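Undergrad: turn this into a structure:
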Amino acid sequence: MHKNPILDIQNINKIYKSAGKSLTVLHQINFSISKGSTVAITGPSGSGKTTLLGLCAGLDQPTSGEIILNSHPLSGRSEDELAAIRNQNIGFIFQNFQLMPTLTALENVMVPMELRGEKNIRNYALDLLDKVGLADRADHYPVQLSGGEQQRVSLARAFSNKPAILFADEPTGNLDGETSDKIEKLLFELNTQAGTTLVIVTHDMELAAKTGRIIRLKSGEILSDEVQSSAKASLLNS
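TA: Purely as a prediction, here's the structure:
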């Protein structure tokens, strides 16, 4: 276990019941993640990656076990309490972007800050859009943006509440190669600049190899947990 981990996963199990039968999606998952690190969670389809990411982010509750996020135990919390913890600690990049279609790019980035009750947020939101190369698209709606542009808005929004930890579910899965490279570069740049812990679910082993650690899942269990050499990760990130 890491000293003072930002994320501590203890004996997590997730079981779904359907038609009187039980389906175990995750079984006895244990790991902890230190602050400021970069971690990839990989594995074949159906291995439980996205389910695990959702549990780590407090978007769902495990059947048993405990998740402690930035010193906050998540078990037994109401949805309002979990929402408050997420808003104070987490950024999340969804594979399908999850932008609000009736809001402009700028307004989408401002939402988490508005929920926190912050004031004078427009200039900071514009600065984030500028960092992802979309300052000139601030007044455009999601339908007016390409997939890559929507993902960049999603990335700016994820960093708008200055999260302690950022979860990214297949952040480059729907993008072409050139756009994927740009999103990867932005993820690691913002991670480095803000000191934000980065946890990525991905099928892309080239992207996974750029992180400091790879946790591999298979059939709902941890197959391996490999710390990358800092030299290797640094070289691949350059």
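Undergrad: for the closest residue to residue 73 other than its chain neighbours, give the beta-bridge partners.
TA: The spatially closest residue to residue 73, leaving aside those adjacent along the chain, is residue 66, at 6.2 Å (C-beta to C-beta, 6 or more residues apart in numbering). No exception for glycine: its C-beta is placed from N, CA and C like everyone else's. When bridges are assigned using DSSP bridges, the partners listed for residue 66 are residue 10.
Undergrad: tell me the secondary structure at the most centrally placed residue in the chain.
TA: The chain has residue 167 as the residue nearest its centroid, 1.1 Å off, counting by C-alpha atoms, centre = their mean. When states are read from DSSP: H, G, I helix; E, B strand; the rest coil, the local structure at residue 167 comes out as strand.
Undergrad: just checking, it touches residue 95?
TA: No. Contact status for residue 167 versus residue 95: not in contact, 11.4 Å apart, counting by C-beta atoms under 8 Å.
Undergrad: as a check, name the ranges of all strands in this structure.
TA: Along the chain, the stretches classed as strands by DSSP state E are 7-18, 21-33, 38-42, 64-69, 72-73, 90-93, 165-169, 197-201, 213-218, 221-227.
Undergrad: tell me which of those strands lies nearest to residue 104.
TA: Evaluated over the strands of the chain, closeness to residue 104 peaks at strand 90-93, with 18.9 Å, by C-beta to C-beta.
Undergrad: for the closest one, packing partners?
TA: In terms of contacts (3 or more C-beta pairs under 8 Å, 6 or more residues apart in numbering; DSSP states H and E), strand 90-93 is packed against helix 147-159, strand 165-169.
Undergrad: quick one: mean pLDDT over it.
TA: Summarised as a single mean, pLDDT over strand 90-93 is 90.
Undergrad: quick check: buried residues in the longest helix anywhere in the chain?
TA: Looking across the chain with DSSP state H, the single longest helix is helix 177-194. Within helix 177-194, the residues that qualify as buried by neighbour count (16 or more other C-beta atoms under 10 Å) are 179-180, 182-184, 186-188, 190-191, 194.
Undergrad: please apply the same query to stretch 85-97.
TA: Applying a neighbour-count criterion of 16+ other C-beta under 10 Å, the buried positions in stretch 85-97 are 85-86, 89-95, 97.
Undergrad: surely residue 112 touches residue 156?
TA: No. Because the distance of 10.4 Å does not satisfy C-beta under 8 Å, residue 112 is recorded as not touching residue 156.
Undergrad: so where's this structure shaky on pLDDT?
TA: 1-3, 230-238 (pLDDT under 70).
Undergrad: please redo it, this time with the cut-off set to 80
TA: With pLDDT under 80 as the threshold, the chain has low-confidence stretches at 1-4, 173-176, 179, 190, 229-238.
Undergrad: show the contacting residues for the closest residue to residue 108 other than its chain neighbours.
TA: In space, and not counting its chain neighbours, residue 108 is closest to residue 99: 5.1 Å by C-beta to C-beta, 6+ apart. Under the criterion of C-beta atoms under 8 Å, 6 or more residues apart in numbering, the contact partners of residue 99 comprise 105, 108, 142, 150, 153-154, 157.
Undergrad: same question, residue 151
TA: Contacts were defined as C-beta under 8 Å, 6+ apart; by that measure residue 151 touches 93, 97, 171-172, 174-175, 179, 183.
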